[in-house]
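In: Sharing a model prediction with you, sequence too.
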Amino acid sequence: MLVRLKLGTPESVARDILSRLRMAGLAVHRTAHEGRIRIAAVGDLSAVDWAEVARWEGVDGAEPLKRPFKLASRAFHPHDTIVSVGRADIGSDQIVLMAGPCSIEGETQAFTIAEAVARAGATVMRGGAYKPRTSPYAFQGLGEEGLKLLRRAADAFGLAVVSEVMDSQQVPLLARYADILQIGARNMQNYALLREVGHADKPVLLKRGLASTIEEWLLSAEHIMAQGNSQVILCERGIRTFETYTRNTLDLNAVPVVKELSHLPIVVDPSHGVGIRDKVAPMARAAVAAGADGLIIEVHHDPDRALSDGPQSLYPEQFTELVQQIRTIAEVVGRRV
């Protein structure tokens, strides 16, 4: 249920309303829009007389939140959420560029790529230290040593860090090194992990599942937000379809649809979306034109020898050229890099 308070309602009255709703057994979440406090009350709504609530001091009205994703919906939070990390304001007019290798392989690799993507215009470095691989015999990442290298390389060139967390026990470790905790596509519905990052004081990059609907994706965001963490960044990274000419089918329809349904920022991962190096740039350009708030792109200085995802990784010079193209498109759609 959405409870709207009157303009100018004193803070003491707002706190009293929140307290009374909690005493009725409801979880309450608060936001504001155009100077008015808005409260989302979730739980067993039948325990409350909502007609009576509408008559409480300071209450302007109460109405159902019809979407199953309550906190992620624009009905609760009408204006765009902006997640600020370092020099990146994700969800603002800035197109945020996150770039780096699929996985951290060593010191030389990490520092070489960090320098290249920073020089091109990236503000966030991506890199995996714990890698979910289809084969148990594939490279699984360097673990904490990889996180240390990632952090050092990013700091050397003024970049923030995004890296994937694989299970709930890893959250404290990843939170020591990463500025953004990434939930991978395979873990989008790992609810124990979602609850754990929901308690973390870190932004969360939530990738769409391999065959998940937009509603399922937003409900996964809801699991995080229900624990108190509203700093959620959605990431479209392609879904599994019948098509075999690309690794996945990059669903750019999701960008304007999510923008209409939710206030959360959305970035696009064209690297995983297509899985083919020469198709990454056109889909990245299309994503920006479609309204994405940022891109997360795999870059490697020697992709033929990369230990994971080499075929979809851009060379640094390709990434530099792409950033120049993105700058042009961003200007056309009223944004900036």
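Out: Happy to help now that I have it.
In: The stretch 201-337 of the chain: strands as residue ranges?
Out: Assigned by DSSP state E, counting those that start in this stretch, the stretch 201-337 of the chain shows strands spanning 204-207, 232-236, 266-268, 294-298.
In: so can I have a markdown table of those strands showing distance to residue 63 and mean pLDDT?
Out: Any C-beta I mention is one placed from the backbone N, CA and C, and that applies to glycine too. Putting the strands of the stretch 201-337 of the chain into a markdown table (distance: least, Cβ to Cβ, whole Å; pLDDT from 0 to 100) gives the following:
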| stretch | distance to residue 63 | mean pLDDT |
| --- | --- | --- |
| strand 204-207 | 28 | 98 |
| strand 232-236 | 24 | 98 |
| strand 266-268 | 26 | 98 |
| strand 294-298 | 33 | 98 |
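In: how about JSON lines for those, with mean neighbour count and distance to residue 276 added?
Out: Formatted as JSON lines, the strands of the stretch 201-337 of the chain follow (neighbours: other Cβ atoms under 10 Å; distance: least, Cβ to Cβ, whole Å):
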{"stretch": "strand 204-207", "mean neighbour count": "26", "distance to residue 276": "19"}
{"stretch": "strand 232-236", "mean neighbour count": "27", "distance to residue 276": "17"}
{"stretch": "strand 266-268", "mean neighbour count": "27", "distance to residue 276": "16"}
{"stretch": "strand 294-298", "mean neighbour count": "28", "distance to residue 276": "12"}
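In: Columns distance to residue 111 on top of those, output as JSON lines?
Out: Shown next, in JSON lines, are the strands of the stretch 201-337 of the chain (distance: least, Cβ to Cβ, whole Å):
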{"stretch": "strand 204-207", "distance to residue 111": "23"}
{"stretch": "strand 232-236", "distance to residue 111": "26"}
{"stretch": "strand 266-268", "distance to residue 111": "25"}
{"stretch": "strand 294-298", "distance to residue 111": "17"}
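In: Can you tell me what sits against stretch 16-33?
Out: With contacts defined as Cβ atoms under 8 Å, 6 or more residues apart in numbering, stretch 16-33 is touched by 3, 5, 14, 37-45, 47-48, 53, 56, 58-59, 71, 76-79, 225-226.
In: Please list the members of those that lie in helices.
Out: Under the assignment DSSP state H, the contacts of stretch 16-33 contribute 14, 53, 225 to helices.
In: Skipping adjacent residues, who's closest to the second one in space?
Out: On the basis of Cβ to Cβ, 6 or more residues apart in numbering, the spatially nearest residue to residue 53 that is not a chain neighbour turns out to be residue 62, at 5.2 Å.
In: Pretty sure that neighbour sits against residue 2.
Out: Yes - counting by Cβ atoms under 8 Å, residue 62 touches residue 2, with 6.9 Å between them.
In: Looking at the two now, which is surrounded by more residues?
Out: Neighbour count, other Cβ atoms under 10 Å: between residue 62 and residue 2, residue 62 has more, with 20 against 17.
In: Kindly export the biggest helix by length in the chain (C-alpha atoms) in CSV.
Out: Identified as the longest helix of the chain according to DSSP H is helix 316-332. Extracted in CSV, the C-alpha atoms of helix 316-332 (Å, rounded to 0.1, in the frame of the first residue of the first chain):
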residue,chain,number,x,y,z
PRO,A,316,41.9,-1.2,-26.2
GLU,A,317,42.0,0.7,-29.4
GLN,A,318,38.5,-0.6,-30.3
PHE,A,319,37.2,0.5,-27.0
THR,A,320,38.7,4.0,-27.5
GLU,A,321,37.0,4.3,-30.9
LEU,A,322,33.7,3.1,-29.4
VAL,A,323,33.8,5.7,-26.6
GLN,A,324,34.2,8.4,-29.2
GLN,A,325,31.1,7.1,-31.0
ILE,A,326,29.2,6.9,-27.7
ARG,A,327,30.1,10.6,-27.0
THR,A,328,28.5,11.6,-30.3
ILE,A,329,25.3,9.5,-29.7
ALA,A,330,25.1,10.8,-26.1
GLU,A,331,25.1,14.4,-27.3
VAL,A,332,22.3,13.6,-29.7
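In: Identify each buried residue in that helix, please.
Out: Neighbour counts over helix 316-332 (16 or more other Cβ atoms under 10 Å) mark 316, 318, 319, 320, 322, 323, 326, 329, 330 as buried.
In: can you list contacts of it?
Out: Taking Cβ under 8 Å, 6+ apart as the rule, helix 316-332 contacts 95, 97, 99, 113, 116-117, 119-122, 277, 280-281, 284-285, 288-289, 295, 297, 299, 301, 314, 336-337.
In: returning to that earlier point: who's in contact with the residue nearest to residue 53?
Out: Shown in contact with residue 62 (Cβ under 8 Å, 6+ apart): 1, 2, 3, 4, 50, 53, 54.
In: Mind checking which of those are buried?
Out: 1, 2, 3, 4, 53.
In: picking that back up, what angle do the longest helix of the chain and strand 294-298 make?
Out: Going by axes from the mean of the first three to the mean of the last three Cα atoms, to 10 degrees, helix 316-332 is angled at 170 degrees with respect to strand 294-298.
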